[in-house]
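Asker: Got a predicted structure here, sequence first:
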Amino acid sequence: MSESASKGQDYESSLSEATQSVAEFEKREGFVYNLQHRLHTNPALVPLIVLVLSIIVFGLLLGSKFFSPFALTLILQQVQIVGIVAAAQSLVILTAGIDLSVGAIMVMSSVVMGQFTFRYGIPPGLAVICGLAVGTGIGAINGLLVTRMKLPPFIVTLGMWQIVLAANFLYSANETIRSQEISEHAPILQFFGNVIQIGSARLTFGAIFMLILFAVLTYALTQTAWGRHVYAVGDDKEAAELSGMEANKVLVSVYALSGLICAFAGWALIGRIGSVSPTSGQLANIESITAVVIGGISLFGGRGSVLGSLFGALIVGVFTLGLRLLGADAQWTYLLIGVLIIAAVSVDQWIRKVSG
Amino acid sequence: MTVQPIVQGRGIVKRYGHVTAINHSDFDLFPGEVLAVIGDNGAGKSSIVKAICGAVQADEGEIRIEGKPVHFTSPLQAREMGIEIVYQQLALSPALSIADNMFAGRELRKPGIMGSVFRQLDKRAMEKFARDKLTELGLMTVQSINQAVETLSGGQRQGVAVARAAAFARKFIIMDEPTAALGVKESRRVLELIQDVRAKGIPIILISHNMPHVFEVADRVHIHRLGKRHAVVDPAKISMSDAVAIMTGAMEPPPVEEQQLVPKAAA
């Protein structure tokens, strides 16, 4: 090699004296760098800190009125629907997509569960399965349109949002199925409304389901090959494909799973409000995206932890309840949420600089 | 004595509409060698390599790997046969760790129920394997194998991509412009890596525009021109400027008997 290296390569002759540091990792020191690095590896840390701080601040301001098992579990109840939908949204956003149809899928699935039971007399258990299947199916169609037709997720799900919402109103004829009827004839539809009472703490099945869902997704995203692929596809789809991952399969699975989770949210929604109402849950889209963004998941994909979205949803819940108990105008909640969104994205940009 | 080629392509044709990217071209890669493929832009050198690894499907002709005809419809099938590709853009996922990147798409799962039912990754085994492979290639004193690839320098990333290919290749490795984006020092490291990989007995197809690099590491140089194999020369017997002249059509290729259609050792 040395013999052939001399051929026309004198420009490299000084290389032997060069430092041999190609192979070493740069080590940067300093508190700010360490913090940045830590946040980079644990992206859910920021929302967790914000959540704990906000609970402490409201606890100090309001005392036991806020800092009680009852109030804290009430927050869980209030965020359960947004939390479940945010879990679905997180998955899609991790792949550098966005799902604007989450709210519509949720309502459509709950309407299918209700109407199949009461219009066609299908056993409620089977109707629930049909509702879950419809949600999964709509999600899968989103995924196929994104991968096969190569359409941007924003456009696909914007269209699907309108289609599913309109189909929901047409199919249900804008009829609400009353809570009383459901609890009499098909209590399984209100399954997630059941409550476990421990002292003054009230845990609904819906809230428990939300927590289990986040635990399962965290496991799947961090401990399985599928999870690694979700991150890789969101980070750089082409690189993921070239390195041997089946990116389109991963994407379809993510959109379908998002649809399934939204259908579960629809089921939980019946438990939460008691009735099946085609006009409910209209804000789920924007609220889920808010939770995801505050939770530190990057809208550019590939970065963040699904647990962050849970914290994001809880932060919104804490602010909402805390400010209401303080007697503040509800607009203050929205104002502060707006500030948090912008702050969260700024932090994301800063963390990303670690790669620079 | 005749040695069976690892890859043997005969009369390969690939058309894109009215454009003929590969025009009845032949291709041979023999065991243990570094075969450089050079050619002008548009000569079709990436097309022919893509046809070999299944990224595109040839319209005509025959490709044999170790004597057996193959018809890959995707690079994944080539990969299953032990053919690895180092892409120019490296194909690494920036946010994933070195170990995760090395095992992209072929992750190891834990033994027993945790792996089969709960699909849990065996992170420890993958990290150990990745560290061993990097060390084997003398690649880096790794501080953390869990470091995200985006925190590595360009040369280190190239190193990870080459190490991944070397670790999993059983038949041969295709490298597309591995030094194009690198500085002098980092290019040197990659050339050394190529020689390390050859020393392990794994043949390499090297696509490059960089003549000094080609002439340094290649055993034979496949000159591609106008969609065809124009000549195969021995870099020890021809000057760089003559090779470039043949490549650009300024000079006629040497007569076939003076070419290096098979390696010296096999002839």
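Answerer: Done, it's in.
Asker: Only C-alpha atoms from now on, for both contacts and neighbour counts.
Answerer: Noted.
Asker: for residue B:261, helix, strand, or coil?
Answerer: coil (DSSP: H, G, I helix; E, B strand; the rest coil).
Asker: Quick one: mean pLDDT for the host helix or strand of residue A:48?
Answerer: Here residue A:48, judged by DSSP states H and E, is contained in helix A:45-62. The predicted model assigns helix A:45-62 a mean pLDDT of 92.
Asker: Equivalent analysis for stretch B:55-68, please.
Answerer: Stretch B:55-68 shows a mean pLDDT of 90.
Asker: swap in stretch B:9-21?
Answerer: If you average the pLDDT over stretch B:9-21, you get 90.
Asker: which residues touch that stretch?
Answerer: B:22-28, B:42-44, B:47-48, B:57-64, B:227 (C-alpha atoms under 8 Å, 6 or more residues apart in numbering or on different chains).
Asker: can we see that at 10 Å?
Answerer: When contacts are defined by C-alpha atoms under 10 Å, 6 or more residues apart in numbering or on different chains, stretch B:9-21 is touched by residues B:22-29, B:42-48, B:51-52, B:56-65, B:69, B:226-228.
Asker: Return the members of these classed as buried.
Answerer: For the contacts of stretch B:9-21, a neighbour count by 16 or more other C-alpha atoms under 10 Å in any protein chain shown gives the buried set as B:22-29, B:43-48, B:51-52, B:56-58, B:62-65, B:226-228.
Asker: Spit out the contact partners of the nearest residue to residue A:70 once chain neighbours are set aside.
Answerer: In space, and not counting its chain neighbours, residue A:70 is closest to residue A:201: 4.6 Å by C-alpha to C-alpha, 6 or more residues apart in numbering or on different chains. Residues near residue A:201 by C-alpha under 10 Å, 6+ apart: A:68-74, A:195.
Asker: if you skip the residues just before and after it, what's nearest to residue A:101?
Answerer: Nearest to residue A:101 is residue A:161, by C-alpha to C-alpha, 6+ apart, at 4.2 Å.
Asker: wait, the one you found sits on residue A:102?
Answerer: Yes - with contact defined as C-alpha atoms under 10 Å, residue A:161 reaches residue A:102; the gap is 7.6 Å.
Asker: coming back round to it: among the contacts of stretch B:9-21, which are in helices?
Answerer: Per DSSP state H, helices hold the following members of the contacts of stretch B:9-21: B:45-48, B:51-52.
Asker: which stretches of the stretch 151-267 of chain B form helices?
Answerer: With DSSP state H, counting those that start in this stretch as the criterion, the stretch 151-267 of chain B has helices at B:154-168, B:184-199, B:211-217, B:240-248.
Asker: Next SSE downstream of the helix or strand containing residue A:90?
Answerer: According to DSSP H and E, residue A:90 maps onto helix A:69-94. Per DSSP H and E, the first helix or strand lying C-terminal to helix A:69-94 is helix A:102-118.
Asker: still on that earlier bit, if I look at residue A:161 and residue A:102, which residues touch both of them?
Answerer: Joint contacts of residue A:161 and residue A:102 (C-alpha under 10 Å, 6+ apart) are residue A:285.
Asker: neighbour count winner among the two?
Answerer: residue A:102 (36 against 20; other C-alpha atoms under 10 Å in any protein chain shown).
Asker: which residues does the more buried one contact?
Answerer: By C-alpha under 10 Å, 6+ apart, residue A:102 lies in contact with A:85-86, A:88-89, A:108, A:135, A:138-139, A:157, A:160-161, A:164, A:258-263, A:265-266, A:281-282, A:284-286, A:288-289.
Asker: For chain B, see how far away it is.
Answerer: 27 Å (C-alpha to the nearest C-alpha, to the nearest Å).
Asker: quick one: buried residues of stretch A:103-118?
Answerer: So for stretch A:103-118, counting by 16+ other C-alpha under 10 Å, buried means A:103-118.
Asker: Need the max-distance pair from those.
Answerer: Pairwise distances across the buried residues of stretch A:103-118 (C-alpha to C-alpha) peak at 22.7 Å, for the pair A:103 and A:118.
Asker: Would you indicate which residues of the helix holding residue A:90 are buried?
Answerer: Here helix A:69-94 shows A:69-94 as buried, counting by 16+ other C-alpha under 10 Å.
Asker: from the middle of its chain, how far away would that helix be?
Answerer: 9 Å (C-alpha atoms, centre = their mean, to the nearest Å).
Asker: now that helix: mean pLDDT?
Answerer: The model assigns helix A:69-94 a mean pLDDT of 95.
Asker: can you state the direction angle for that helix and helix A:45-62?
Answerer: Relative orientation of helix A:69-94 versus helix A:45-62 (axes from the mean of the first three to the mean of the last three C-alpha atoms, to 10 degrees): 160 degrees.
Asker: From the contact counts, what lies against helix A:69-94?
Answerer: Judged by 3 or more C-alpha pairs under 10 Å, 6 or more residues apart in numbering or on different chains; DSSP states H and E, the packing partners of helix A:69-94 are helix A:102-118, strand A:195-198, strand A:201-204, helix A:205-223, helix A:225-235, helix A:247-273, helix A:284-294, helix A:306-325.
Asker: mind running it again at 8 Å?
Answerer: For helix A:69-94, the elements it packs on are helix A:102-118, strand A:201-204, helix A:205-223, helix A:225-235, helix A:247-273, helix A:284-294, helix A:306-325, judged by 3 or more C-alpha pairs under 8 Å, 6 or more residues apart in numbering or on different chains; DSSP states H and E.
Asker: Roughly how far does the residue sitting furthest away from the middle of chain B sit from chain A?
Answerer: Within chain B, the residue lying farthest from the chain centre (C-alpha atoms, centre = their mean) is residue B:113, at 37.6 Å. For residue B:113, the distance to chain A equals 14 Å [C-alpha to the nearest C-alpha].
Asker: Name the residues of the stretch 1-150 of chain B found near chain A, please.
Answerer: When proximity is defined as C-alpha under 8 Å from any C-alpha of the partner chain, the stretch 1-150 of chain B approaches chain A at B:75-76, B:87, B:89-96, B:100, B:104-107, B:119-121, B:139-143, B:150.
Asker: tell me which element the residue of the stretch 101-250 of chain A found nearest chain B falls in.
Answerer: Of the stretch 101-250 of chain A, the residue with the smallest distance to chain B, taken as C-alpha to the nearest C-alpha, is residue A:239 at 3.9 Å. Using DSSP H and E, residue A:239 sits within helix A:237-242.
Asker: Could you name the helices and strands sitting against that helix?
Answerer: Counting by 3+ C-alpha pairs under 8 Å, 6+ apart, helix A:237-242 packs on helix A:225-235, helix A:247-273.
Asker: 7 Å - rerun?
Answerer: helix A:247-273 (3 or more C-alpha pairs under 7 Å, 6 or more residues apart in numbering or on different chains; DSSP states H and E).
Asker: list the buried ones in the helix it packs on?
Answerer: Neighbour count says helix A:247-273 has A:247-248, A:250-272 buried, by 16+ other C-alpha under 10 Å.
Asker: And for stretch A:315-330?
Answerer: By neighbour count on 16+ other C-alpha under 10 Å, the buried set for stretch A:315-330 is A:315-323.
Asker: Residue B:119 belongs to a helix, doesn't it?
Answerer: No - secondary structure of residue B:119 (three-state DSSP): coil, not part of a helix.
Asker: For it, the count of nearby residues, please.
Answerer: 19.
Asker: My read is that it contacts residue A:222, right?
Answerer: No - in terms of C-alpha atoms under 7 Å, residue B:119 does not count as a neighbour of residue A:222; the distance is 11.1 Å.
Asker: neighbours of residue B:80, just the number please.
Answerer: A count of nearby residues for residue B:80, using other C-alpha under 10 Å, gives 12.
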